[in-house]
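Undergrad: Predicted structure and sequence below. I'll ask about it afterward.
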Amino acid sequence: MAALPLPLPVPVPRKPPGSAQYNWLTGGYESAPEQMELALEWPAQETPGPDESIQLLATESGTQLLVSGFGISLGKKGERVTLRLKHKSCGELPLYRLQEIVLLGHGISISTDLIADACERGIRIAVLNFGGRPAALLTSPFLSATVETRRRQLAAAGQPVGADFIRWVAAGKLHNQEKLLRYFAKSRDGDSRRRLEDAAGSLLKLRRQALAVEGDSVESVRPSVLGCEGAGGRVYWSAISAILPGALGFRGRVHYQPDDPVNAALNYGYGILYSHVWGAVLNAGLEPFAGFLHGDRSGKPSLVLDLVEEFRQPAVDRPLFAWLTKGGDLRVQGGLLDGPSREEVASRVLLRLNAVEPHRGKRHQVRSIIQMQARLAASAFRGEREYRPFAFKW
């Protein structure tokens, strides 16, 4: 899939004389708006301030709409989403093209008409903070499966199916960490290549150890599996730090208020991934707070974190590290990415989520595979199928 010219210029240039409009899909002005899927123009006599700019991201198919900017409002007119700045129209988008609406930051409003219609159509609305963490997810309560799935999920904690799920979740993460290191090793030689291949070999051994852990319940296998997963994390992040430019200041994984741009970008990218997995969990009729590899804690969506593990490397790490090793630039302020850096990270993660990968004999978008894996987990808890993680082709 061809990449779009993202991030977009912010703010959008003022509309020139005549009937031309700014097309954010092409990054330029066009004089035939009826042929465009979406066009934006600033309201007449408006000069956007630094906190009133419109920032939009989209995939090539237009399935995701990401909105960031103080003073923007979203509404509904007929079969279209309307975008307004200070109560003045600046663009529209057909509802049938959307699968998700992402609202980032503060000062954005959305109408109840649009919320109701989006939920009825199965369009998820995600509200993220500036760190990329999901603050709210709006979906229809009738899209999930019956309560039987949740009952079987809760019961699985004391059954072999729960123990098996933990082993495969950790194995899936270790497998994708291994394959990503081998992917980067292909383009290197000498000591750098050997270091990556050795680290990949260690991850392969840890994966086998995780699958060999014995036990018939979550509590009996979790400590040993977490030990394998933790050891794999140390091997993986040490290898990643060796290939990233030293100027980025990455010395290892930091989850809370990092002072280097790489960790800030990872936190932001994983936040976008969390919202997709969380929505998939709800759509599959699962309880997001009842996990297996991740323990129970108030306010901790443990099952979401479980299912995120196998998608971290292919959906977030691969596009970010490939870009950063080629000179990509990021800036951080107070542990958070600045506006242009957020745009850059979001565009690359969203494009990966909409990229097509082989799975179960066919080709699917990564975002669709996430939903398929959530439904596979639900089937496994009900005793209908065995859970197997998704392994990306490198």
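TA: Right, received. Where do you want to start? Keep in mind that what you see is a predicted model, and the values were worked out from it rather than measured. Numbers count the residues shown, from 1 in each chain.
Undergrad: Relative to Glu214, how far out is Ala163?
TA: Distance, Ala163 to Glu214, using CB to CB, to the nearest Å: 9 Å. No exception for glycine: its C-beta is placed from N, CA and C like everyone else's.
Undergrad: So the two - more neighbours on which side?
TA: Set Ala163 next to Glu214 and count neighbours by other CB atoms under 10 Å: Ala163 wins out with 24 against 9.
Undergrad: I'd guessed that one sits against Leu211; true?
TA: No - look at Ala163 against Leu211 with CB atoms under 8 Å: they stay out of range, at 11.3 Å.
Undergrad: Now do the contacts for the spatially most central residue of the chain.
TA: The residue lying closest to the centre of the chain (CA atoms, centre = their mean) is Leu273, at 2.1 Å. If you count contacts by CB atoms under 8 Å, 6 or more residues apart in numbering, Leu273 has them with Val308, Phe311, Arg312, Ala315, Val316, Val349, Leu353.
Undergrad: repeat for Ala280
TA: With contact set as CB under 8 Å, 6+ apart, Ala280 has these partners: Leu307, Ile370, Gln371, Gln373, Ala374.
Undergrad: Compare those residues and tell me which has the most neighbours.
TA: Leu307 (31 neighbours).
Undergrad: tell me the phi and psi of that one?
TA: Per-residue torsions, Leu307: phi -80, psi -20 (degrees, to the nearest 10).
Undergrad: Mind giving me the packing neighbours of the host helix or strand of Val169?
TA: Using DSSP states H and E, Val169 maps to helix 160-185. When contacts are defined as 3 or more CB pairs under 8 Å, 6 or more residues apart in numbering; DSSP states H and E, helix 160-185 sits against helix 190-212, helix 218-243, helix 302-308, helix 318-324, helix 366-381.
Undergrad: Let's test this: mean pLDDT of whatever helix or strand comes next after the third one, rounded?
TA: Toward the C-terminal end, the helix or strand that comes next after helix 302-308 (DSSP H and E) is helix 312. Helix 312 carries an average pLDDT of 96.
Undergrad: Also stretch 180-199?
TA: Taken as a whole, stretch 180-199 has a mean pLDDT of 93.
Undergrad: mind checking the end-to-end distance for it?
TA: Counting by CA to CA, to the nearest Å, you get 11 Å between the two ends of stretch 180-199.
Undergrad: List the contacts of it.
TA: So stretch 180-199 is contacted by 200, 203, 235-236, 238-239, 242-243, 313-314, 317-318, 321, 325, 394 (CB under 8 Å, 6+ apart).
Undergrad: Please convert the buried members of these into PyMOL selection syntax.
TA: Buried residues within these, by 16 or more other CB atoms under 10 Å, are selected in PyMOL with:
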select buried, resi 200+203+235+236+239+243+313+314+317+318+321+325
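Undergrad: Kindly indicate which of the contacts of stretch 180-199 lies nearest Gln333.
TA: The closest of the contacts of stretch 180-199 to Gln333 turns out to be Phe321 (CB to CB; 22.0 Å).
Undergrad: my guess is Arg382 meets Arg151, correct?
TA: No - checked against CB under 8 Å, the pair Arg382 and Arg151 is beyond contact range at 9.4 Å.
Undergrad: Specify which residue of the two has the higher count of neighbours.
TA: For Arg382 versus Arg151, the count of surrounding residues by other CB under 10 Å is larger for Arg382: 17 against 13.
Undergrad: how about the nearest residue to the more buried one, chain neighbours excluded?
TA: Among residues not flanking Arg382 along the chain, Arg152 sits closest, at 4.9 Å (CB to CB, 6 or more residues apart in numbering).
Undergrad: who touches both of Ala163 and Glu214?
TA: Common neighbours of Ala163 and Glu214 (criterion: CB under 8 Å, 6+ apart): Ser220, Val221.
Undergrad: coming back round to it: now for the contacts of Ala280, which pair is the farthest apart?
TA: The widest separation within the contacts of Ala280 (CB to CB) is 10.5 Å, between Leu307 and Gln371.
Undergrad: For stretch 221-231, C-alpha coordinates in CSV please.
TA: What follows is stretch 221-231, C-alpha atoms only, in CSV (Å, rounded to 0.1, in the frame of the first residue of the first chain):
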residue,chain,number,x,y,z
VAL,A,221,2.5,-21.4,35.1
ARG,A,222,2.5,-17.6,35.3
PRO,A,223,5.7,-17.1,37.4
SER,A,224,7.8,-19.3,35.1
VAL,A,225,6.4,-17.9,31.9
LEU,A,226,6.8,-14.3,33.1
GLY,A,227,10.4,-15.2,33.9
CYS,A,228,10.9,-16.2,30.2
GLU,A,229,9.1,-13.1,29.0
GLY,A,230,11.2,-10.8,31.2
ALA,A,231,14.5,-12.4,30.2
